[in-house]
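A.B. asks: Fold the following.
(one chain, ligands or ions: 1)
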Amino acid sequence: MPWYNDIDTKNWKEYDDVLTTSFWSFHRENSGVHNASYHGNFIPQVPRQMFKRYTKKGDWILDPFMGSGTSLIEAQRMGRNSIGIDLQGDVVSEAFSRINQENNPECKTIGFVGDSKTINVDSITQRLGIKNYQFVMFHPPYWDIIKFSENNNDLSNAATLEAFLDDFGQVIDNTTRLLQKNRYCALVMGDKYANSQIVPLGFHCMNLFIQKGFLLKAILVKDFDRTRGKINQQAIWRYRALASDFYVFDHEYIFVFKKLR
Ligand SMILES: C[S@@+](CC[C@H](N)C(=O)[O-])C[C@H]1O[C@@H](n2cnc3c(N)ncnc32)[C@H](O)[C@@H]1O
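C.D. replies: You can find the predicted model right below:
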């Protein structure tokens, strides 16, 4: 049994629901207080799979881009404590109005409004009476693909690719300093297309972690969620792709890293 999760490998055949291969294809599962309407959220199965493989009950999970609280809801259901941070106060309040309806007395679920580049994580952990946390789930803006707010500190408002990577690098430094050594973090990121070429945001961000000394443990490819709106657009994009020289994005990445020092 790995020491960092609750999987009992003696009964390994009972874990059909836990993915162990690198291509992920899901239909959104939207139970309970999850809210699929937050533009740019991820489907609950992404944090659920990560928390099953890399955390155990009682661990603390940090999501520095909590948005509608998908990670926090999954963590709470699984008996993991969680801390969410987002720049937008109204987004955090709206998320907690739902999260609190599914209270789990076994664990704590806490939210903070702030800039994850600079928020004082020491004062957060001191307030919670913990030394560190055991997993960080990163789901930042895919640079400027969706503009989340007018705030200059919002990563979706970075003026250039370099500025976006610099900002995200600051978030990584600030929020992984108190990630427990030998534990894991994951990044969900997609690519973008601009000026007739691919901007491989996923791989740029992956390289940031590698440069900072993290061990790359997984590159998972996940297909895009097929909402009704997107299905209607598929024909238009298929036509555009056929009439030109590009392929339509149908996937994003989940990278898993281990903190060695
Ligand atoms: C891709 S969304 C995350 C969605 C989330 N995983 C969910 O399921 O709802 C990115 C979030 O990052 C927030 N954000 C952008 N820049 C930030 C920063 N510097 N510090 C904290 N949050 C930030 C945005 O407000 C947005 O809610």
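A.B. asks: The stretch 51-200 of the chain: helices as residue ranges?
C.D. replies: 70-77, 89-99, 121-128, 161-176 (DSSP state H, counting those that start in this stretch).
A.B. asks: which residues are in contact with the last one?
C.D. replies: Among residues not part of helix 161-176, those counted as contacts by CB atoms under 8 Å, 6 or more residues apart in numbering are 62, 64, 116-119, 121, 136, 138, 140, 143-144, 153, 155, 158, 185, 199, 201, 204-205, 208-209, 212, 214, 259. All C-beta atoms are positioned from the backbone trio N, CA, C, and that covers glycine.
A.B. asks: among those residues, which ones are buried?
C.D. replies: Buried by 16 or more other CB atoms under 10 Å: 62, 64, 116-117, 119, 121, 136, 138, 140, 143-144, 155, 158, 185, 199, 201, 204-205, 208-209, 214, 259, out of the contacts of helix 161-176.
A.B. asks: Pick the most deeply packed of the helices of the stretch 51-200 of the chain.
C.D. replies: Among the helices of the stretch 51-200 of the chain, ranked by average contacts under mean count of other CB atoms under 10 Å, first place goes to helix 70-77 (a mean of 26).
A.B. asks: can you tell me which strand in this structure is longest?
C.D. replies: The longest strand of the chain (DSSP state E) is strand 179-189.
A.B. asks: so what's the residue in the chain that the ligand sits nearest to up against?
C.D. replies: When scored by CB to the nearest ligand atom, the chain has G67 as its residue closest to the ligand, at 2.8 Å. Residues in contact with G67 (CB under 8 Å, 6+ apart) are Y38, G40, N41, D86, V91, A95, H139.
A.B. asks: need the contact list for the fourth one.
C.D. replies: This points to D86. Contact analysis of D86 by CB under 8 Å, 6+ apart lists F65, M66, G67, V92, A95, G111, V113.
A.B. asks: Would you format those as JSON lines with pLDDT included?
C.D. replies: JSON lines is the format used below for the contacts of D86 (pLDDT from 0 to 100):
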{"residue": "F65", "pLDDT": "98"}
{"residue": "M66", "pLDDT": "98"}
{"residue": "G67", "pLDDT": "98"}
{"residue": "V92", "pLDDT": "98"}
{"residue": "A95", "pLDDT": "98"}
{"residue": "G111", "pLDDT": "98"}
{"residue": "V113", "pLDDT": "98"}
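A.B. asks: before we move on, back to that, need the helices of the stretch 51-200 of the chain in CSV (columns: distance to D191).
C.D. replies: Putting the helices of the stretch 51-200 of the chain into CSV (distance: least, CB to CB, whole Å) gives the following:
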stretch, distance to D191
helix 70-77, 21
helix 89-99, 25
helix 121-128, 29
helix 161-176, 12
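A.B. asks: For the helix or strand of the chain with the lowest mean pLDDT, name the packing helices and strands.
C.D. replies: The helix or strand of the chain with the poorest confidence is helix 228-242; it has a mean of 82 (mean pLDDT, DSSP states H and E). Judged by 3 or more CB pairs under 8 Å, 6 or more residues apart in numbering; DSSP states H and E, helix 228-242 has no packing partners among the helices and strands.
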